[in-house]
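> next comes the sequence, and after it the predicted model I'd like to discuss.
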Amino acid sequence: MPDIRANSVLPARRRDVVLHTADGLELVGELALPAERDPVATLVCLHPLPTQGGFMDSHLLKKAAWRLPALADLAVLRFNTRGTSSPRGTSQGAFDEGRGEQYDVAAALDLCEAEDLPAIWLLGWSFGTDLALMHGCDPSVVGAVLISPPLRFSGPEHLAAWSESGKPLTAIIPELDDFLRPVEARERFAAVPQAEVVAVAGGKHLFVGDTERVLDEVVRRVAPAAYPLPTSYDEATQA
């Protein structure tokens, strides 16, 4: 079987989507579904800070969409938050430091409902983790996985809301993060008793070179039957 490489794009049903926010904006995105099966769960991807180059194609999220429909039977929704551009296009509106983005998160959840997608999980990375904490504790959401959370825009009240919800929360923390390292992360997330902090030895904020480890940790929570992810892929065995 051929090895899965950094640029491997595995089979999936992929199509462009447009999200409509309650404040009248159109956001561009993509929905990837398993090629020949119904998804077992759904990832709603929330990208890093757009003012620092974050967008729906930020590498961990793009590789989740490239691999996880085939390897873990997951639906993967990626989109550009307001004012963010990528090769897919530019979403309307302007960056709002996590405030107006509440409507972006809600629009993504609305699309999942319209598509009848199962078991919705939020997958936030950096700024996207703040959006998940601030705006994602919704009845339709099973839980959240947070990659490199800086806890910059979110506050104690958002952690308290997740604590009260009882929803599972996993924080994947790089050992050498620029903003929040494992020791402090454990202290901050202690406010959420059900939260799990996963330290990644040698990891940095962007997790360059650590894609497989991060996606394994995501799948371990969201689709445990598919854990650990294979390192090779034979399309004939997946039919």
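Happy to help now that I have it. Keep in mind the model is a prediction, meaning the values are calculated, not measured.
> could I get the full set of strands for this structure?
When secondary structure is read from DSSP state E, the chain shows strands at 13-20, 26-33, 41-46, 74-79, 85-86, 89-90, 120-125, 141-147, 169-174, 195-200.
> buried set for the second one?
Which is strand 26-33. Leu27, Val28, Gly29, Glu30, Leu31, Ala32, Leu33 (16 or more other Cβ atoms under 10 Å). Where C-beta positions appear, they are placed from N, C-alpha and C, glycine not excepted.
> format the residues you listed as CSV; extra columns: pLDDT and distance to Pro193.
Output for the buried residues of strand 26-33, formatted as CSV (pLDDT from 0 to 100; distance: Cβ to Cβ, whole Å):
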residue, pLDDT, distance to Pro193
Leu27, 98, 34
Val28, 98, 38
Gly29, 98, 34
Glu30, 98, 35
Leu31, 98, 34
Ala32, 98, 34
Leu33, 98, 34
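> quick one: the residues you listed as JSON lines, columns for distance to Val197 too.
Formatted as JSON lines, those follow (distance: Cβ to Cβ, whole Å):
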{"residue": "Leu27", "distance to Val197": "31"}
{"residue": "Val28", "distance to Val197": "33"}
{"residue": "Gly29", "distance to Val197": "29"}
{"residue": "Glu30", "distance to Val197": "30"}
{"residue": "Leu31", "distance to Val197": "30"}
{"residue": "Ala32", "distance to Val197": "29"}
{"residue": "Leu33", "distance to Val197": "31"}
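> of all the residues you listed, which comes closest to Thr170?
Ala32 (21.7 Å; Cβ to Cβ).
> partners of that closest one in the sheet?
Beta-bridge pairing for Ala32 (DSSP bridges): Arg14, Val76.
> separation between it and Leu60?
Separation of Ala32 from Leu60 (Cβ to Cβ, to the nearest Å) stands at 14 Å.
> that older thread, switch the strands of the chain over to CSV; also include distance to Asp104.
Shown next, in CSV, are those (distance: least, Cβ to Cβ, whole Å):
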stretch, distance to Asp104
strand 13-20, 7
strand 26-33, 6
strand 41-46, 9
strand 74-79, 7
strand 85-86, 14
strand 89-90, 14
strand 120-125, 12
strand 141-147, 15
strand 169-174, 20
strand 195-200, 24
